[in-house]
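[1] Got a sequence here, can you build the structure:
(one chain, ligands or ions: 3)
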Amino acid sequence: MDRRPAVVLLNLGGPDSLGAVRPFLYNLFADPDIFKFPLGAVLQKPLAALIAWRRAPEAAKGYAAIGGKSPLLENTLVQAQALQHALADEEDKLARVAGTRRALPAGSDNAPLADVHVCMRYWHPMAPEVVGRLKAAGYTRVVLLPLYPQYSVTTTGSSYNDFRRACERASYRPELRLIREWYDDADYHQAIVDSIENEMSRFPVPDPERIELLFSAHGLPKKVVDAGDPYRDHIEATYAAVRSRLGWPHVALCYQSRVGPLEWLRPYTDDVIREKAAAGTKQMLVYPIAFVSDHVETLFELGITYAELARKRGIAHYRVAPALNAHPLLIRALARRVREALA
Ligand SMILES: C=CC1=C(C)c2cc3[nH]c(cc4nc(cc5[nH]c(cc1n2)c(C)c5CCC(=O)O)C(CCC(=O)O)=C4C)c(C)c3C=C
Ligand SMILES: [Fe+2]
Ligand SMILES: [Fe+2]
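    Ligands and ions are numbered 1, 2, ... in the order given. Now for the predicted structure:
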């Protein structure tokens, strides 16, 4: 039987309990695409175990503060479901527009263009189990769609390598297509603008002239960018596009979530919060520009840690816009990219 293709949403994954924090961190630090230890491949795993063990108690505090686990899987599953619906509507609409509504399988008036699955990099469901399911179901075409709009070897690159390795190990050879990046999508930009305008209305003085807007992107060690990773260029292009669509006067781009002793992309979000506070900012809105799903770095780092910092420094009204999650314009952007990949 010639099956519909599969679309696999790729995301980072997060611990589903406090007990899972350490093994999740181990999986992350053992990945040479995200963290290459200077002492070479032999020591990667023991050092990953050591760092995971040292970092786990601190990291667990963040997960404890947001309900004892990462909400990333739930949020990604909601996105998968929304995309599944969008692909069904798309098929229906396309067939009607073309005047060639094809005979669809019995009982599925709105058969979707593809079946949407989720695959996480560092916590379940991970590539070996997802690949096993796809193989058993007999998919011969698989589109990989990272939920990272901007490409980095540490995120999309790592997930792609991991997925391909799992296919090889399972002797599974579907036609694989990777949607490498989609930071330039106009619907995605408009979704961000909508979300910012919506959040603005919650300030006591809902006036862009009176709000400092920070676009906070996940950071990356500077040496990764210096070695040619396009992530910073993609972030800057996203920032420029959204900024010109939005037209607000007081905006800045900064980078959060640095880990370890290396220098990361600057300016750091906490430094910018301090600077703006010192300059007298009273209303601040933070938009998590590199994330399309809420998780520990938006809910805890931005929503709790930096909120406390801002308040202590005198910023009376500090808000974080939620990530897009299942915003209809985001889902439309994703559906269009899938359709293009399948064309
Ligand atoms: C654009 C997205 C991301 C990039 C780029 C990225 C790079 C990167 N991250 C680490 C280390 C950690 N990341 C952690 C959590 C985490 N990272 C991302 C996204 C990007 N990371 C997400 C979505 C999450 C949250 C997952 C969740 O639980 O919901 C963590 C764990 C949390 C913590 O201990 O702070 C670490 C560690 C590095 C080293 C890196 C680039 C080299
Ligand atoms: Fe990260
Ligand atoms: Fe992080």
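[2] What are the boundaries of the strands in the stretch 101-250 of the chain?
    Along the stretch 101-250 of the chain, counting by DSSP state E, counting those that start in this stretch, strands occupy 115-120, 141-146, 175-178, 212-218.
[3] Now the chain against ligand 1: closest residue?
    Using Cβ to the nearest ligand atom, the single residue of the chain nearest to ligand 1 is Gly14, 2.4 Å away. In this view, the C-beta of every residue, glycine as well, is placed from N, C-alpha and C.
[4] nearest residue to that residue other than its sequence neighbours?
    Leaving aside its chain neighbours, Gly14 sits nearest to Ser70 (2.4 Å; criterion: Cβ to Cβ, 6 or more residues apart in numbering).
[5] which residues does that neighbour contact?
    Listed by Cβ atoms under 8 Å, 6 or more residues apart in numbering, the contact set of Ser70 reads 13-16, 63, 123, 295-296.
[6] again with Asp185
    Asp185 neighbours (Cβ under 8 Å, 6+ apart): 149, 333, 336-337.
[7] same question, Ala166
    Ala166 sits next to 127-128, 130-131 when contact means Cβ under 8 Å, 6+ apart.
[8] among those residues, who's most crowded?
    In terms of neighbours by other Cβ atoms under 10 Å, the contacts of Ala166 top out with Val131 at 24 neighbours.
[9] what would the contacts of Ala166 look like in a markdown table with distance to ligand 1?
    A markdown table is the format used below for those (distance: Cβ to the nearest ligand atom, whole Å):
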| residue | distance to ligand 1 |
| --- | --- |
| Ala127 | 17 |
| Pro128 | 20 |
| Val130 | 18 |
| Val131 | 22 |
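[10] from those, which two are the most distant?
    Greatest spacing in these, by Cβ to Cβ: Pro128 and Val130 (7.5 Å).
[11] returning to that earlier point: so the residue nearest to Gly14, which of the three states?
    Assigned by DSSP: H, G, I helix; E, B strand; the rest coil, the conformation of Ser70 is coil.
[12] ok, Ala56 touching Val21?
    Yes: checked against Cβ atoms under 8 Å, the pair Ala56 and Val21 is within contact range at 5.1 Å.
[13] for Arg55, phi and psi?
    Per-residue torsions, Arg55: phi -80, psi -20 (degrees, to the nearest 10).
[14] Surely it touches Phe24?
    No: judged on Cβ under 8 Å, Arg55 makes no contact with Phe24 at a distance of 10.5 Å.
[15] how many neighbours does Leu10 have?
    Leu10 has 27 neighbouring residues, counting by other Cβ under 10 Å.
[16] per-residue confidence for it?
    The score at Leu10 is 98. That number is its pLDDT.
[17] May I ask which helix or strand encompasses Val8?
    Assigned by DSSP states H and E, Val8 belongs to strand 6-11.
[18] quick one: contacts of that strand?
    72, 76, 79-80, 83, 87, 114-121, 130, 134, 137, 139, 141-148, 156, 159-160, 163, 174, 293, 338.
[19] So which residues on the stretch 101-250 of the chain come close to ligand 1?
    Counting by Cβ under 6 Å from any ligand atom, the residues of the stretch 101-250 of the chain close to ligand 1 are 148, 152, 154-155, 218, 220-221.
[20] ok, back up a step: Ala56 and Val21: which has the busier surroundings?
    Between Ala56 and Val21, counted using other Cβ under 10 Å, Val21 has the larger neighbour count: 27 against 21.
[21] can you tell me which residues contact the more buried one?
    15, 56, 59-60, 63 are the contacts of Val21 under Cβ under 8 Å, 6+ apart.
[22] Same check on Leu262?
    Applying Cβ under 8 Å, 6+ apart, the residues contacting Leu262 are 221-223.
[23] Can I have the buried ones of the residues you listed as a ChimeraX selection?
    This is the ChimeraX syntax for the buried subset of the contacts of Leu262, where burial follows 16 or more other Cβ atoms under 10 Å:
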select :221
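[24] From Gly314, how far out is Val272?
    From Val272 over to Gly314 the distance is 15 Å, taken as Cβ to Cβ, to the nearest Å.
[25] Between those two, point out the one with more neighbours.
    More crowded of Val272 and Gly314, by other Cβ under 10 Å: Val272, with 22 against 11.
[26] which ones are touching the more buried one?
    Going by Cβ under 8 Å, 6+ apart, Val272 touches 214, 252, 254.
[27] now the residues you listed in a markdown table, with neighbour count?
    Below are the contacts of Val272 laid out as a markdown table (neighbours: other Cβ atoms under 10 Å):
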| residue | neighbour count |
| --- | --- |
| Leu214 | 27 |
| Ala252 | 16 |
| Cys254 | 22 |
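[28] Identify, from those, the entry nearest to Met284.
    Comparing the contacts of Val272 against Met284 with Cβ to Cβ places Leu214 closest, at 6.6 Å.
[29] hey, what's the closest one bridged with?
    Beta bridges link Leu214 to Ala252, Val286 when assigned by DSSP bridges.
[30] Going forward, the N-terminal residue is numbered 58.
    I'll keep to 58 as the first residue from here, and by that count the last item is Leu271.
[31] For it, give me the pLDDT.
    98.
[32] Wait, it touches Met341, no?
    Yes: applying Cβ under 8 Å, one finds Leu271 in contact with Met341, separated by 6.6 Å.
[33] What about Arg222, how many residues nearby?
    Arg222 has 13 neighbours, counted by other Cβ under 10 Å.
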